[in-house]
Structure formats: C-alpha cells, structure tokens
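Chemist: Predicted structure and sequence below. I'll ask about it afterward.
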Amino acid sequence: MSLFSEKIDKNSEKQLLDMLTAGRLDVIIGTDCQVDHELNLRNQQETIVKQPYIPDYSIDLYIGASKKSRWNFRMRELNKVLRELKEEGAIKDIADKYLNNN
C-alpha cells in the first residue's frame, strides 16, 4: 500500500503553492530558493510549514546561451566570474540577502 495516492508534476513552485493553498494538495516538494522566494512574496512563511527534504542526489543548475546569442562569445568569461563569486562566498551572500529581503 502506497502512502501517497497521486503524484502531480507542475512547471513551477508557484503552481504547486497555488494548489497547496487552495487545498488541492496536502504536500509539495519544491526547490528551496524558489519556494522561499514565493512564500516571501505571498507573506506565507508562517502559513505554510516547510520541512527539510534532502534527497540522496544533487541537481546541477546551468546557464545556457544560444549559439546565435550576442553573449555566446563571453560564456567562458561568465563561467570564470561565476566560479570566482562562488569561491568567495558572494553567491551565497547574494542568495541569503535576496531570500531574507523579499
């Protein structure tokens, strides 16, 4: 017997939160930064209870550019800058500020 009767896939955490707040779902699984941002926008940090869910795998995120993009020739430079920002802790600081101020 399965604990869950149905699995619903949506394109965004916003859609899942809409369904959760409408009572159409009891539980959702979302990406922390996106769910946190949406909860802050809705001022629902106290209404919706988050629980930690740490799967046994990670999901890499990417930035892509079309080969026809006017920025394509600068992707190596962008990668270098992003790597430096990550190593310096700047990306974490920006994310923390972004999530705590919205």
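Modeler: Done, it's in.
Chemist: what's the nearest residue to the spatially most central residue of the chain if we skip its chain neighbours?
Modeler: The chain has Gln34 as the residue nearest its centroid, 3.3 Å off, counting by CA atoms, centre = their mean. Leaving aside its chain neighbours, Gln34 sits nearest to Glu13 (4.4 Å; criterion: CB to CB, 6 or more residues apart in numbering). No exception for glycine: its C-beta is placed from N, CA and C like everyone else's.
Chemist: Isn't that neighbour up against Asp36?
Modeler: No - in this structure, Glu13 is not within contact of Asp36 by CB atoms under 8 Å, at 9.3 Å.
Chemist: how about Glu87, secondary structure?
Modeler: Under DSSP: H, G, I helix; E, B strand; the rest coil, the three-state class of Glu87 is helix.
Chemist: Could you check how far it is from Arg70?
Modeler: 28 Å (CB to CB, to the nearest Å).
Chemist: before we move on, what about Gln15?
Modeler: From Gln15 over to Arg70 the distance is 32 Å, taken as CB to CB.
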